[in-house]
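Visitor: here is the input, now give the coordinates:
(one chain, ligands or ions: 2)
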Amino acid sequence: MNVFEVRGGKKLQGEIVPQGAKNEALQIISAVLLTPEEVTINNIPDILDVNLLIELLSEMNVKVNRTSRSTCIFKADDVNIDYLHSPEFKKKSGRLRGSVMLAGAMLARYKKAFIPKPGGDKIGRRRLDTHVIGFQKLGTQLDYNQEDGFFHLTAEELKGTYMLLDEPSVTGTANIVMAATMATGTTTIYNAACEPYLQQLCKMLNRMGAKISGIGSNLLVIEGVDYLGGTTHAMLPDMIEVGSFIGLAAMTKGDITIKNAGINDLGIIPEKFRQLGIAMDFKGDDIHIPSQDSYTIQKYLDGGVLTIYDHPWPGFTPDLLSIVLVTAIQAHGSVLIHQKMFESRLFFVDKLIEMGAQIILCDPHRAVVIGLEREHQLRGITMSSPDIRAGVALLIAALSAEGKSTIQNIEQIDRGYQNIDTRLQALGADIKRVAI
Ligand SMILES: CC(=O)N[C@H]1[C@@H](OP(=O)(O)OP(=O)(O)OC[C@H]2O[C@@H](n3ccc(=O)[nH]c3=O)[C@H](O)[C@@H]2O)O[C@H](CO)[C@@H](O)[C@@H]1O
Ligand SMILES: C=C(OP(=O)(O)O)C(=O)O
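Guide: Numbering: from 1, shown residues only. Ligands and ions are numbered 1, 2, ... in the order given. Modelled structure (predicted):
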């Protein structure tokens, strides 16, 4: 087991390139099952969750040729469907959320899929109802087997239909879109999620021969086709990494340039950090965050305290709220952080409070951060990373703190951030990965 040992207080400086997007990669890599032809994927993030999904495909007998850490050629011309019903699949897929999206592709191509209880961050209830109801509307029979703990999904034929999703689930929409690509007739999905992850998936599917319109909106229309072929795809820069680096720069008084940040696909993200008072300039596709001694949280026009809350795209992603929260610690002013989607994602503030932050956890969904205005620094402590984003938020706190911090359970961070220790070292951070 490894921990991060961090000696904080250093001003970080330099350039950093975001990895390919984790949540996009999980959708895109699942989609390779839709065709027997070669699919080449570039800008793959070299992170635990993605590597595990690639391993699962390889164990399903998909030919996997990883020509470099960031490029992989897949060929799913002889898939072993039964592997999806094995204890090994159950165990491994339970370690990541993304594995649930193998089901949509399997249903489209083989009219058969198995879904064990998926893994992913333990950040609250994470139901699969939207996925399953969508599959059922397309004509899938569902049988939950108490003994093996799998949902068994089978269909004689998938038939296009109209559906209004209960909620714009990200992985749910991806799953239903994939299932509908080769259904008979037209599928209309209203209240669809429309994150750049999904836009990228739909564009890739269209290149493979699918007929999807409405991309980028919450109304997707999918005309079923008989066959999908091979293609090439490259992931966008990871917008959650970009947001994390903006927060990191502000908290460490750093002067950081995020290279090739994919600004056109960041939506409201830069604006939310600007509301915290963080200056940034866009130069081409790079974001430069200059060193700032202080930053002041905006108030509403009527003088009210700012609230930053999550909302389905194009609202603010829930995956950056922990980062916004930690970034507000050293600001002037106060902000209410309202995590609407997940009920267990804010408990990590206990650690920040122990480090000296002024935070009031009002309830599991809401926390008020009262900025310290850099009047005193956080203190280094030993802490454990509860989930990917809280883990990075704690890491940012540690890098800004006085003295030594130890962060345990860093596998959580490694699930989503590629070689974060070495990339931060290149910015001047004192961080070591230590085996214990
Ligand atoms: C692998 C992957 O892509 N994971 C992302 C995906 O997870 P995932 O696709 O699992 O998340 P969902 O979009 O299904 O929803 C997440 C949670 O939010 C709740 N919910 C969702 C929509 C809504 O309008 N209201 C609401 O309360 C759901 O009930 C659920 O508990 O999307 C989440 C929400 O952006 C992100 O945090 C995850 O990083
Ligand atoms: C919640 C997240 O991931 P997952 O859905 O894979 O658990 C995340 O990326 O912040």
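
Visitor: any regions of the stretch 51-200 of the chain where pLDDT drops low?
Guide: Regions of the stretch 51-200 of the chain meeting the criterion pLDDT under 70 cover residues 118-121.

Visitor: show me where it has its strands.
Guide: 63-68, 71-75, 112-115, 141-145, 150-154, 162-164, 186-190 (DSSP state E, counting those that start in this stretch).

Visitor: got the residues of the chain near ligand 1?
Guide: Where the chain comes near ligand 1, counting by Cβ under 6 Å from any ligand atom, the residues are 23, 26, 97-98, 124-127, 167-172, 312, 317-319, 341-342. No exception for glycine: its C-beta is placed from N, CA and C like everyone else's.

Visitor: my read is that Q408 contacts G391, right?
Guide: No: look at Q408 against G391 with Cβ atoms under 8 Å: they stay out of range, at 9.8 Å.

Visitor: between these two, which contacts overlap?
Guide: Between them, Q408 and G391 share these contacting residues under Cβ atoms under 8 Å, 6 or more residues apart in numbering: S385.

Visitor: who has more neighbours, these two?
Guide: Set side by side, Q408 and G391 show more neighbours around G391, with 29 against 17, by other Cβ atoms under 10 Å.

Visitor: now that one: how far from Q13?
Guide: Distance, G391 to Q13, by Cβ to Cβ, to the nearest Å: 23 Å.

Visitor: just the pLDDT for the residue lying closest to L48 once chain neighbours are set aside.
Guide: Among residues not flanking L48 along the chain, R415 sits closest, at 4.6 Å (Cβ to Cβ, 6 or more residues apart in numbering). Here the pLDDT value assigned to R415 is 94.

Visitor: residue contacts, R415?
Guide: Contacts of R415 by Cβ under 8 Å, 6+ apart are 47-49, 96, 388.

Visitor: let's see it at 7 Å
Guide: Applying Cβ atoms under 7 Å, 6 or more residues apart in numbering, one finds that R415 lies in contact with 47-49, 388.

Visitor: let me see the contact set for F316.
Guide: 268, 272, 308-310.

Visitor: let's have the strands of the stretch 51-200 of the chain in a markdown table, adding mean neighbour count and distance to G380.
Guide: Shown next, in a markdown table, are the strands of the stretch 51-200 of the chain (neighbours: other Cβ atoms under 10 Å; distance: least, Cβ to Cβ, whole Å):
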| stretch | mean neighbour count | distance to G380 |
| --- | --- | --- |
| strand 63-68 | 13 | 37 |
| strand 71-75 | 18 | 39 |
| strand 112-115 | 23 | 42 |
| strand 141-145 | 11 | 47 |
| strand 150-154 | 19 | 45 |
| strand 162-164 | 14 | 50 |
| strand 186-190 | 20 | 48 |
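
Visitor: out of these, the one nearest ligand 2 is which?
Guide: strand 112-115 (15.0 Å; Cβ to the nearest ligand atom).

Visitor: then the closest one to CSV, C-alphas only?
Guide: What follows is strand 112-115, C-alpha atoms only, in CSV (Å, rounded to 0.1, in the frame of the first residue of the first chain):
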residue,chain,number,x,y,z
LYS,A,112,-27.6,-10.2,-23.9
ALA,A,113,-25.9,-8.6,-20.9
PHE,A,114,-25.1,-9.1,-17.3
ILE,A,115,-24.7,-6.3,-14.8
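
Visitor: what's in contact with that strand?
Guide: Residues contacting strand 112-115 (Cβ under 7 Å, 6+ apart): 81, 84-85, 100, 103, 106-107, 150-154.

Visitor: just put the residues you listed in a markdown table and tack on distance to D350.
Guide: Putting the contacts of strand 112-115 into a markdown table (distance: Cβ to Cβ, whole Å) gives the following:
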| residue | distance to D350 |
| --- | --- |
| I81 | 45 |
| L84 | 39 |
| H85 | 41 |
| V100 | 30 |
| A103 | 36 |
| M106 | 41 |
| L107 | 42 |
| F150 | 36 |
| F151 | 36 |
| H152 | 41 |
| L153 | 40 |
| T154 | 46 |
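
Visitor: where do the helices of the stretch 101-250 of the chain begin and end?
Guide: Here the stretch 101-250 of the chain has its helices, by DSSP state H, counting those that start in this stretch, at 102-110, 129-137, 170-180, 196-207, 239-251.

Visitor: turn the ones you listed into JSON lines, including mean neighbour count.
Guide: Shown next, in JSON lines, are the helices of the stretch 101-250 of the chain (neighbours: other Cβ atoms under 10 Å):
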{"stretch": "helix 102-110", "mean neighbour count": "25"}
{"stretch": "helix 129-137", "mean neighbour count": "20"}
{"stretch": "helix 170-180", "mean neighbour count": "29"}
{"stretch": "helix 196-207", "mean neighbour count": "22"}
{"stretch": "helix 239-251", "mean neighbour count": "27"}
